[in-house]
Each structure stands twice: as structure tokens, then as C-alpha cells.
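Visitor: Build the 3D model from these lines:
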Amino acid sequence: MHTFKIWAPFASQVAVAVNGGSLAMHGPDAQGWWRVGVDAAGPGTDYGFQVNEESAVYPDPRSLWQPHGVHGLSRVYDQHAFAWSDAGFQPHPLSSAVIYELHIGTFTPEGTLDGAIAKLDDLVNLGITHVELMPVAVFDGVHGWGYDGVALFAVHEPYGGPDALKRFVDAAHAKGLPVLLDVVYNHFGPSGNYAGKFGPYIIDAHHTPWGGAVNLEGPWSHQVRRFFCDNALMWMRDFHIDGLRLDAVHAYIDRSAIHFLEQLATETRALEATLGRRKVLVAESDSNDPRIVSAPQVGGFGIDAQWSDDFHHALFALLTSQPQGGYYADFGSVGQLAKALEHTFVYDGVYSHHRKRVHGKPPRGLSQHHFLGYIQNHDQVGNRALGERLQENTGFERAMLAAALVMMSPFVPMIFQGEEWAASSPFQYFADHQDPALAKAVSEGRCKEFEAFGWDPKSIPDPEKRETFLRSKLIWDETGEAGHARMKAWYRDLIRLRRSTPSLNNGEPGNARVTFDEKKRWLALERGEVLTLCNLGGNDREFPVPEGSTVLLSSRRGVAIRNARLLVMPDSVAIVQCRGTKPSPV
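Guide: A predicted model of the protein is given here:
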């Protein structure tokens, strides 16, 4: 016996197509729901829904299993059948995290969740504490980034389906690794989205880069919000996911008295109290709005943390010698990087030339552990024309310097798959849309986007070609080669230092103090007894250090303190443990 349910408030009739027949459903009730029980249905039964007079059969917007792809029938899935072995697991606090973002399809040759399990020991040995998965919800085609998901409750079948995700999480927990999952609640993908056949999930009153906005404040929005909150709670409750990364929350349009983010945070806190296991929410936002990570008691939304793009942009623009367009045009000075390290937001109520307006607000009083710091992630690599890695833009030595600043920063550090060994494989934008017209539009749109920046359209990888996807797979065999091994050892040492040093795990405001010289292009970051000295200038730089100080790490060999002074070569960084009073660099 299985009871089928569907929210379709405007439908005049709804039927479930199951077991070769069609059975009328009862409804709608006052909240727009239709239901019917079917004795000969249960786990493994395929089904779909018919609406009004249409003969077409559509998949369930809340389908837990889509073995036939986005256009096929849904399948009943038993959430309680999996045998978990993680009863005693408790995740590390986010404040002590070193997060590793990965894409299941390109992380291993197999491109599956089961294939990724075999690499978990590599992450543990590196010092990683949290794994963050790019979206795994069902999207059109075999391979893609996952941000065009349409069956948001189901796990992409080419990754292994729902049981494979549970196996991955269970295996990660067995190795002490919490798992975060990227979810997309700001839009649906362009192919295979049938939610609109049943209810007003999208409204045209507001628009986003992906079309109409998700209905978070209009008529029937309480049920749409329920859809997304139920989705979030399902991942954390039924799949034992330890937290969610919320994609592009600045695209949420919600003027309700209780913002959707606040509702989600409140329900997440209730879930963690029920389960007795900590759950976290991390937002992606470019609004520089401290309300996102502020407590509801002071007018905030209660999200645990958010990505810190200003830190990335300031660091990247400083490291690259070539002019950068778009939002990078707002960055490029040493002083901006210093401001990001000390105060989190560079644009905190100041004028942005890129935006042509004043942008942001100071995050006063907020721990910097509310913000994630990084120099690479899927966006910042994959949204470049060729998807090239950091070292291709900055050189190997500056990539090492960047890693040091990320790990020594006051933010929760995050790295992107392969970054730790300066992977040679790019991470390019790829998709596999089955509709030829849509695939052509995506390919042409990608070329036009970068043609506007002066790129030859012929040089832009076609996102719809399988070789673009294959080219983006990590090459694990290269990790033992000289340069790659050097970078991996550097990351391992940086992570070990970060995790074992109390002052590097203090996120309170004022813990990071920066001195710098804009003209000579050097920067010194002080966090307790740890001093990180960076030289981006063209000449050697000599820094005074206290008597008795020791060099903990250096990106160049042979660095030593002589007569209370440390020589740092161009494009290099040294990390010093200081004793006594630290003199100001001159």
C-alpha cells in the first residue's frame, strides 16, 4: 500500500498513472493537495501524474527516485530501508573546518558516489574536515554541474541514485568527515521542470537571471516554501547530510515578515534538536549583507556562514598580472586585501564602480568564522573562459602564496578539488542537454558571452561536447609528480598548522591585523603569535621579526632568520612564530 500525493491547487482533476493504468485522485483539499492510496504499489513501483484533460504523464515534483531521467516516470523509494552505521557520529564544528568542494562527475574516473568513497582517505590524510558536494539533484542528461536541477528530491541516477548518496555519507562519517550538500532553491533548470504543471512554483512578478523568480511571497507561496524547506530537511534527516550550501541566495525575492532564510534556519535548528546532531547552513551571497549570518534576535536570518567573495576577488586581482574585467575591476590593491582580512567585506557601504552604486554594509561584531575564505571554487575556476586553474593565471609560486593566505586567514578555509596538488586538468563549464535546440542555445550563448570580452569564439570549449566534461576530470596519477607533490605537501603542512594553532582558529573581530605597503607590494598578516609575510613585489623584502622567532613554513627553500630579520623573495611567503613584541615591518 502506498499513498500518492501531489500539490496541484488549480487542477480540476488529477490522476496517478501506475501499474499500467490511471487512477483518479481525491482533491483538492483546502491547501491544494490531491491523494489516493494504491494497494498494489510500494517501493520500486514506477508512477507519474496526469493533470486535467492532458494525456501526458508527468514525473512527481517531489520524486525521491528518477531512474529514467528528468522526463521519465518516478519510482517509489523507501527512505527507511538503508542500514546506517553512523549512529555515534558527531560533525566537527564549522568554525574548525577545512572544507573540500568537489564535483562527483569529475572527482574520480568513475564519476560516481561509490567511486568517490575510494578517495576519502586522501582527503583525511590531507587534513580535510568537511566534504562539500556540488549539487546531486537530478538534472537533464548524464553530466553537468548540477545547478540546473529539476527533480530536487531525487539523486542523479548516473551518480548512483539515492542509495549511493547514503553509502557515501555513511562512509564519510566512518572516516570522521561531515558532508555538506549544495542545493539550488533560486530557480529550476530549463529542461525537465514539470513543477509548473502542478502549481505556481515560479512567478513572473519578479525576474532573475534564470527567468521568473521562485514564488516566496505571492499567493500559495507558503506551499512553495514548504516544498523547499521539506527538501532541505529531507537531505539532512533522511540522507544524514550535515549541512547545506544554499546557492545564490541574493536571487531570492522575499519581502515576507519572516524571510525564507529565517524560516529555513529556524526549521533546521528544530531538526538538529530532534536528531541531537548539529546541522549547518552556508549561503552564497554577493549582497555583502551581514543580516544573512546575524541572529534573528538582532534582525538577522540566522544562517551559520556565507561564502566571502570579497576576499577571493581582492586576492585574485592582486595575484594576476593581467587586467581583469567584470567584478574584478573593483579590486586590485594591496589595501583592499588587507581590508578583507581585517574587516571581511571590502565593499561595506562604499561605492562600487562595477555596480555603479554604493554596495554592502559593515559586518560589525560578527565572528569571521561566519565567512568562508577561498582562492578557488567551482565558480571562480569554471566560469572562466577556459576553466583554467589558479596556477595558470598566477604562476606556481603565487598559487603557493595564495594557499598560505587562505589557510592563515581568519575565515573558514575552503579548497576546490585538485587545488591541493595544482591539478593540470581544468574545470570547464559542461552540460548534456538532450534537447538539440537548448544544447545549441547553450553552446552559442557561451561563445557570445566571452566573445564580448575579446575571446575568439573558436577557442571557447563547447559545453555540450562530452570531451569538455572528460577534460575536466581530475588526473590522480599526477599527484606524485614533482611539482604536484610539492604543492600537495605545502597544503598538507598549511592545514596541519592551521588546525593545531589556537590563534589561527580564533575568528573574533580584531584577531587579524594587517600591515602593508601598496607601492612595494608586501603584506604582513598577524594572528596571535603567527605572522604571515607575503612579498608580491619585484625585489627581495627584508622583514624585522622579534628575537627568538622561528620560521614555521616557507614557500621557498633556505629561508632563515638572521639578526632578527627575515628575507622574503619576490612571489613568496613565509610563516613565522613570533616570540616577544613584534616590531612593525619597515
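Visitor: Model confidence score at the closest residue to residue 541 other than its chain neighbours, please.
Guide: Leaving aside its sequence neighbours, residue 541 sits nearest to residue 535 (CB to CB, 6 or more residues apart in numbering; 4.3 Å). The C-beta positions use only the backbone N, C-alpha and C, and glycine is treated the same way. On the pLDDT scale, residue 535 is placed at 97.
Visitor: these two touch, right, residue 535 and residue 573?
Guide: Yes - at 7.4 Å, residue 535 counts as touching residue 573 under the criterion of CB atoms under 8 Å.
Visitor: Quick one: neighbours of the residue nearest to residue 541, just the number.
Guide: The tally of other residues near residue 535 (other CB atoms under 10 Å) stands at 25.
Visitor: ok, how many other residues are close to residue 121?
Guide: Residue 121: 10 surrounding residues under other CB under 10 Å.
Visitor: Identify each buried residue in the helix-or-strand element of the chain with minimal mean pLDDT, please.
Guide: Sorting the helices and strands of the chain by mean pLDDT, DSSP states H and E puts strand 202-208 at the bottom, at a mean of 84. Neighbour counts over strand 202-208 (16 or more other CB atoms under 10 Å) mark 202, 203, 206, 208 as buried.
Visitor: list the helices and strands that strand packs on?
Guide: Contacts defined by 3 or more CB pairs under 8 Å, 6 or more residues apart in numbering; DSSP states H and E place strand 202-208 against strand 211-214.
Visitor: for the strand it packs on, packing partners?
Guide: When contacts are defined as 3+ CB pairs under 8 Å, 6+ apart, strand 211-214 packs onto strand 202-208.
Visitor: Show residues contacting the strand it packs on.
Guide: Around strand 202-208, the neighbours that count as contacts under CB atoms under 8 Å, 6 or more residues apart in numbering are 186-188, 195-196, 211-215, 218, 251, 253.
Visitor: In ChimeraX, how would I select the buried members of these?
Guide: Buried subset of the contacts of strand 202-208, written as a ChimeraX selection, criterion 16+ other CB under 10 Å:
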select :186,187,188,195,212,213,214,215,218,251,253
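Visitor: Just put the contacts of strand 202-208 in CSV and tack on distance to residue 416.
Guide: Shown next, in CSV, are these (distance: CB to CB, whole Å):
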residue, distance to residue 416
186, 21
187, 23
188, 26
195, 31
196, 34
211, 28
212, 31
213, 29
214, 27
215, 33
218, 37
251, 22
253, 29
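Visitor: out of the contacts of strand 202-208, who's nearest residue 516?
Guide: The closest of the contacts of strand 202-208 to residue 516 turns out to be residue 251 (CB to CB; 34.8 Å).
Visitor: thinking the closest one is in contact with residue 184, fair?
Guide: No - the pair residue 251 / residue 184 is not scored as a contact, 9.8 Å apart, by CB under 8 Å.
Visitor: right, and residue 12 touches residue 52 too?
Guide: Yes - applying CB under 8 Å as the test, residue 12 and residue 52 come out as touching, 5.6 Å apart.
Visitor: These two: who's more crowded?
Guide: residue 52 (12 against 9).
Visitor: Return the backbone torsion pair for that one.
Guide: phi 50, psi -130 (degrees, to the nearest 10).
Visitor: ok, it - contacts?
Guide: With contacts defined as CB under 8 Å, 6+ apart, the neighbours of residue 52 are 11, 12, 13, 14.
Visitor: any idea how far the last one lies from residue 544?
Guide: Look at residue 14 and residue 544: by CB to CB, to the nearest Å, they are 76 Å apart.
Visitor: With neighbour numbers in mind, choose between these two.
Guide: Neighbours per residue (other CB under 10 Å) separate residue 14 from residue 544, with residue 14 holding more: 23 against 15.
Visitor: and for stretch 428-448, what are the contacting residues?
Guide: Outside stretch 428-448, the residues that reach it (CB under 8 Å, 6+ apart) are 140-145, 148, 190-191, 382-383, 386-387, 457, 460-466, 468-469, 471-472.
Visitor: again but with stretch 107-127, I slipped
Guide: By CB under 8 Å, 6+ apart, stretch 107-127 touches 98, 100, 102, 104-105, 131, 136, 143, 155, 158-160, 164-165, 167-168, 171-172, 175-177, 417, 420, 473-474, 476, 488, 491-492, 495-496, 499.
Visitor: okay, how far is it across it, tip to tip?
Guide: Its start and end residues considered, stretch 107-127 measures 18 Å (CA to CA, to the nearest Å).
Visitor: Could you give me the buried positions within that stretch?
Guide: For stretch 107-127, by 16+ other CB under 10 Å, it's 107-108, 111-117, 119-120, 123, 126-127.
Visitor: Need those in TSV (columns: pLDDT and distance to residue 557).
Guide: Formatted as TSV, the buried residues of stretch 107-127 follow (pLDDT from 0 to 100; distance: CB to CB, whole Å):
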residue	pLDDT	distance to residue 557
107	98	32
108	98	33
111	98	38
112	98	40
113	98	40
114	98	41
115	98	37
116	98	35
117	98	37
119	98	30
120	98	32
123	98	27
126	98	22
127	98	22
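Visitor: Next, residue 245: secondary structure please.
Guide: Secondary structure for residue 245, judged by DSSP: H, G, I helix; E, B strand; the rest coil, is strand.
Visitor: Now for it, how many residues are close by?
Guide: Counted with other CB under 10 Å, residues neighbouring residue 245 total 25.
Visitor: Kindly report the same for residue 173.
Guide: 21.
Visitor: quick one: the helix or strand it falls within to chain centroid distance?
Guide: Secondary-structure assignment from DSSP states H and E places residue 173 in helix 161-174. Distance of helix 161-174 from the chain centroid (CA atoms, centre = their mean, to the nearest Å) equals 19 Å.
Visitor: Okay, now the unreliable bits of the stretch 101-250 of the chain?
Guide: Residue ranges of the stretch 101-250 of the chain with pLDDT under 70: none are present.
Visitor: what about the helices in it?
Guide: In the stretch 101-250 of the chain, the helices defined using DSSP state H, counting those that start in this stretch lie at 104-107, 113-117, 120-126, 161-174, 221-238.
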